[in-house]
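*Asks:* What follows is a predicted protein model with its sequence.
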Amino acid sequence: MIRQTLFRTLTSAAVACAGFACVIDKNKVETPDEAPPVAKEEPKPERVYPDPPPPTEPRPHNFPELQRHKLDNGLELIVVENHEVPLVDVQLVFKTGDVFDELLAGMTADILLEGTAGRKGLSKAEIDERIESVGASLNASSDTFTTTLSTRVLKPDLEMALDLIAEVATNPAMDQESLDKLKEEEVVNLRSEKSSGQALGTRLLSQVLYPEGHPYGRPFPTQAQIDAIKVEDLKKFHETWYVPNNAFIIVSGDVTMDEAKAIVETEMGKMKPASAFPEHPLSQFKPEDYQKAKPGKMVVHIVDRTSISTEIFVANLSLARNHPDWVKWDLTNRILGAGVSSRLFQDIRETRDLTYGIGSTVVPSKAVGAFVIGTQTKFVDEMMAAIFEHLERIRTEDPSDKEYDQAQKAIAQSFPLRTETAGQVAGMVRTQIVYGLDDNYFANYRDAVLGVAKEDVKATAAKHIDGTPVIVMVGRKRKITSALARVPELKDAEIIVYNTDLEQIEPAPAK
């Protein structure tokens, strides 16, 4: 790319001179005698461009209506109609994920597409061939709270797609060969995570942020734990959680409720429900447990690792996704650190030039979420001083009119762009269900954003940003500790050091 650009530049210059056989003198440029003299042109008046018109008020936007139907076996069907194009997005969502068991949840999701057993007995190749024959793909994924089987097909192929999803979800083969392959992939993923400074930092951050034993803060799985997983473990996990009364299916696009109901009843109505479920792992943690987990003093957790730059995470426990303050909190975070127009990016990256990138995020959660600032820098002392400065400012000062107006309009006016396709709408419906939001949440979302007052920003920041955050750094211990001594807020901080297996090595843990 660089050679082409340079070549084109030189070629353009050559073309400009070719017709005049340019003779370049120290003081002038001459043309051949036969060439007519070039008259000196009068300077053209500077062109004045009018200002662009001001932005218009947001147009009305109606989030699609949700239609619900519950099958006799407990499976909930949600239909969202959109007849603009003949496509249908399907998401079969089971309410199980890493929160129950990180290894089993991921491996069970992955093994679903490796083949099925029973009467149909499809191989992985046959599953792929069926869905690819209609120009689509079938995906299985697991996250913290859910496992999802999803596809997007043309309307005439909807029945075939739902039949295939039902077969994969209910009759996975789960053979030893497939499990062995998944174990090898898990080992590779584990090595990759331990070799990444960012991954080490986020893993340790989750451990020191949440109460001990919390499912959001699990340590790295070990080689022994991976090796110990058996096919029977995956089958038990599947039998426990992959049941219709622990699931919902979203059908979004060119389909009516009657059409979807008929197909879903046929393909999934025979799935057998469970009579009971194990206790949810979040239920054992009470509000006081999260309060006790907050640090009472400044503590810096350091992963001692050879690197040129230091990964930095500054965080505190925040609020659940369904908290009434969420929209205010999202707008506040947008002003502080979400995007290239935010304070953190504009000041710390653009003005102070301390990093290539910095941002903040509010992590959605069913229980207590997190507020996190993440960055990488060679200048630890200057970076930490700047972060503390911005945290104090957002908590004690109102934003400027320009900051407030830009952030509010950016969220409100971009919302329709996030609901254009059936897949986008299905994703938002999934968010509503997973986090227990009201059915009208996204229908009223823009009004809620536009209803946030400027003075709400400071009040929300003061309420949800702790003055004593959890701090994790990944880099050279000696360099980090010397830099911390130059930061007033951290010169007396307790230092805890870990190796790249995230085992505490300083101070030596009590036996």
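*Replies:* Yep, it's here.

*Asks:* Where does residue 93 fall, secondary structure wise?
*Replies:* strand 87-94 (DSSP states H and E).

*Asks:* That strand pairs with which strands, parallel or anti?
*Replies:* strand 147-154 (antiparallel), strand 247-253 (antiparallel) (DSSP bridges).

*Asks:* which residues pair with the spatially most central residue of the chain across the strands?
*Replies:* Among the residues of the chain, the one closest to the centroid is residue 363, at 8.5 Å (Cα atoms, centre = their mean). Per DSSP bridges, the residues bridged to residue 363 are residue 370.

*Asks:* ok, it - contacts?
*Replies:* 318, 369-372 (Cβ atoms under 8 Å, 6 or more residues apart in numbering). Every residue, glycine included, has its C-beta placed from N, CA and C.

*Asks:* JSON lines for those, including pLDDT, distance to residue 498 and neighbour count?
*Replies:* As requested, the contacts of residue 363 are exported to JSON lines (pLDDT from 0 to 100; distance: Cβ to Cβ, whole Å; neighbours: other Cβ atoms under 10 Å):
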{"residue": "318", "pLDDT": "95", "distance to residue 498": "24", "neighbour count": "24"}
{"residue": "369", "pLDDT": "95", "distance to residue 498": "24", "neighbour count": "21"}
{"residue": "370", "pLDDT": "97", "distance to residue 498": "19", "neighbour count": "21"}
{"residue": "371", "pLDDT": "98", "distance to residue 498": "23", "neighbour count": "24"}
{"residue": "372", "pLDDT": "98", "distance to residue 498": "18", "neighbour count": "24"}
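
*Asks:* so residue 442 makes contact with residue 426?
*Replies:* No. In this structure residue 442 lies outside contact range of residue 426 using Cβ atoms under 8 Å: 11.9 Å.

*Asks:* rewinding a little: of the contacts of residue 363, just say which sits nearest to residue 332.
*Replies:* Using Cβ to Cβ, the shortest approach to residue 332 within the contacts of residue 363 belongs to residue 371, at 9.7 Å.

*Asks:* ok so, going back, now, of the strands paired with strand 87-94, which is deepest in the fold?
*Replies:* Comparing the strands paired with strand 87-94 by mean neighbour count (mean count of other Cβ atoms under 10 Å), strand 247-253 comes out on top with a mean of 26.

*Asks:* what sits up against it?
*Replies:* 64, 75-82, 85, 87-95, 152, 155, 158, 260, 264, 268, 422-423, 425-426, 429-430, 433.

*Asks:* where exactly do the strands run in the stretch 151-300 of the chain?
*Replies:* Under the criterion DSSP state E, counting those that start in this stretch, the stretch 151-300 of the chain carries strands at the ranges 247-253, 299-304.

*Asks:* so what strands line up beside the shortest one?
*Replies:* Strand pairing for strand 299-304, using DSSP bridges, gives strand 470-475 (parallel), strand 494-498 (parallel).

*Asks:* Dump those into a markdown table; add distance to residue 176 as well.
*Replies:* Listed next are these as a markdown table, based on distance: least, Cβ to Cβ, whole Å:
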| stretch | distance to residue 176 |
| --- | --- |
| strand 470-475 | 38 |
| strand 494-498 | 36 |
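
*Asks:* Indicate which one of the ones you listed is closest to residue 69.
*Replies:* When the strands paired with strand 299-304 are compared (using Cβ to Cβ), the closest one is strand 470-475, at 44.5 Å.

*Asks:* CA atoms of that closest one as CSV?
*Replies:* The C-alpha trace of strand 470-475 is given here as CSV (Å, rounded to 0.1, in the frame of the first residue of the first chain):
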residue,chain,number,x,y,z
VAL,A,470,-9.9,-1.5,42.8
ILE,A,471,-6.7,-1.2,40.8
VAL,A,472,-5.0,-3.9,38.7
MET,A,473,-1.8,-3.5,36.7
VAL,A,474,0.1,-5.9,34.5
GLY,A,475,3.7,-5.2,33.8
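
*Asks:* Which parts of the next helix-or-strand element following that strand count as buried, going by neighbours?
*Replies:* Using DSSP H and E, the helix or strand that follows strand 470-475 towards the C-terminus is helix 477-484. Neighbour-count burial for helix 477-484, counted by 16 or more other Cβ atoms under 10 Å, picks out 477, 480-481, 483-484.

*Asks:* and if you look at stretch 169-186?
*Replies:* So stretch 169-186, judged by 16+ other Cβ under 10 Å, has buried residues 169-174, 178-179, 182-183, 186.

*Asks:* OK, contacts around residue 211?
*Replies:* Going by Cβ under 8 Å, 6+ apart, residue 211 touches 217, 285, 289-290, 292-293.

*Asks:* what does the host helix or strand of residue 103 rub up against?
*Replies:* Element membership of residue 103 [criterion: DSSP H and E] is helix 102-111. Outside of helix 102-111, the residues within contact range by Cβ under 8 Å, 6+ apart are 96-99, 140-142, 147, 172, 174, 178-179, 182-183, 185-186, 218, 221, 225-226, 229, 233-234, 237-238, 242.

*Asks:* change it to 6 Å
*Replies:* 97-98, 140, 142, 147, 172, 174, 178, 182, 218, 221, 234, 237-238 (Cβ atoms under 6 Å, 6 or more residues apart in numbering).

*Asks:* cool, stretch 323-333 as well?
*Replies:* Contacts of stretch 323-333 with the rest of the structure, by Cβ under 6 Å, 6+ apart, involve 360, 362, 407, 448-449, 452, 456-457, 460-461, 464.
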